[in-house]
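Chemist: Coordinates for the following, if possible.
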Amino acid sequence: MNTQFVQHRKVLTAAALTAAALTAAALLAGAGVASAAGPVTGTGTGSGAHGVPAQTVVHFAKGATSASVSGKVGPGEDDRYVFDAKAGQTASFHLARSTSAQTWTLVGPSGPAVHDAHSPRQSDFTYRLPETGRYYVDIVSTRPSSYRLDLSIPASTKATTKPGASAAQPGRPVVAEATKIDFAPGRTSATVSATVGPQDRAAYTFAASKGQRARVQLGGSRTGTFALIAPDGTPLHTTGGRNQSDVTLTLPSTGLYRIDVQDAVHTGAEQLTLSLTGR
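Modeler: You can find the predicted model right below:
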């Protein structure tokens, strides 16, 4: 890791359930959530141009459907936690933070951020998970800060919407269908534009090889943000990153990448330029 980042320890605790909840806990384990519990150690390694953060799995103790993690982050640091869950489960997050400069992002298995730094719900947030797979929680801050994050995922996956209904919750942006970015013959960059806002997002995909360098430039509204997602669903850059205008990083694998563009504050035009160099 880059030596400029301060090492810190994350401590994980798990809440025990009553005997009546043991059946639900068994179902939760079936969703792929780690069942072991114990102390874990991790370090923030930054995001975007600084590299991909190390990730720590949120463990649920046997017979528990909730767990807590704690740590410290500062400018340029990014604490990432991951958990596995099933579509239809409801995840509740409570973040106790030492400063309002600290925010967090939740990214689903297919990429789009479902909670970001612009959301007013930074302390408490409940979300019905739309798909089965691995979810990513990134905690960032513009000032040195400490935190405790409580995560609760009851085992029930009973649907609350009618078949065919949208999985999006009221007031949340609908996940956008992605448009493929094509490069003109002999060109290594391409520019696309779209109108985005609090309820409208734009999504793009592009094919790339491991080791290539991708440069993403976003212009338009100063409140516009983007997320860059790897083929396996890992966030490489999130809407919570401080640099939202010009980010360059080395791609970790070969496959189809996704870029989600949004503006949680204003509705307006955003212009995105993607450049690929290397292999």
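Chemist: neighbours of residue 71, just the number please.
Modeler: Residue crowding around residue 71 was assessed by other CB atoms under 10 Å; the count is 24. The way it works is simple: take the backbone N, C-alpha and C, and place the C-beta from them, glycine included.
Chemist: Using the three-state scheme, assign it.
Modeler: On the three-state scheme (DSSP: H, G, I helix; E, B strand; the rest coil), residue 71 is labelled strand.
Chemist: how about the strands of the stretch 151-279 of the chain, start to end?
Modeler: The residue ranges that make up the strands of the stretch 151-279 of the chain, judged by DSSP state E, counting those that start in this stretch, are 178-180, 189-196, 202-208, 213-220, 225-229, 235-237, 246-250, 255-262, 268-277.
Chemist: Specify the stretch among those that is closest to residue 99.
Modeler: Proximity of the strands of the stretch 151-279 of the chain to residue 99 was assessed by CB to CB; the nearest stretch is strand 225-229, lying at 20.6 Å.
Chemist: Can I get the strands of the stretch 151-279 of the chain in TSV including distance to residue 78 and mean neighbour count?
Modeler: Rendered in TSV, the data for these read as follows (distance: least, CB to CB, whole Å; neighbours: other CB atoms under 10 Å):
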stretch	distance to residue 78	mean neighbour count
strand 178-180	25	13
strand 189-196	24	16
strand 202-208	22	19
strand 213-220	17	18
strand 225-229	13	26
strand 235-237	10	25
strand 246-250	13	16
strand 255-262	18	21
strand 268-277	22	17
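Chemist: could you dump those strands to CSV with distance to residue 117 and mean pLDDT?
Modeler: Formatted as CSV, the entries for the strands of the stretch 151-279 of the chain read as follows, by distance: least, CB to CB, whole Å; pLDDT from 0 to 100:
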stretch, distance to residue 117, mean pLDDT
strand 178-180, 22, 84
strand 189-196, 16, 93
strand 202-208, 18, 90
strand 213-220, 15, 95
strand 225-229, 8, 88
strand 235-237, 13, 85
strand 246-250, 15, 94
strand 255-262, 11, 88
strand 268-277, 17, 95
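Chemist: now those strands as CSV including distance to residue 153?
Modeler: Supplementary listing: those in CSV, determined by distance: least, CB to CB, whole Å:
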stretch, distance to residue 153
strand 178-180, 28
strand 189-196, 30
strand 202-208, 26
strand 213-220, 32
strand 225-229, 22
strand 235-237, 20
strand 246-250, 31
strand 255-262, 24
strand 268-277, 34
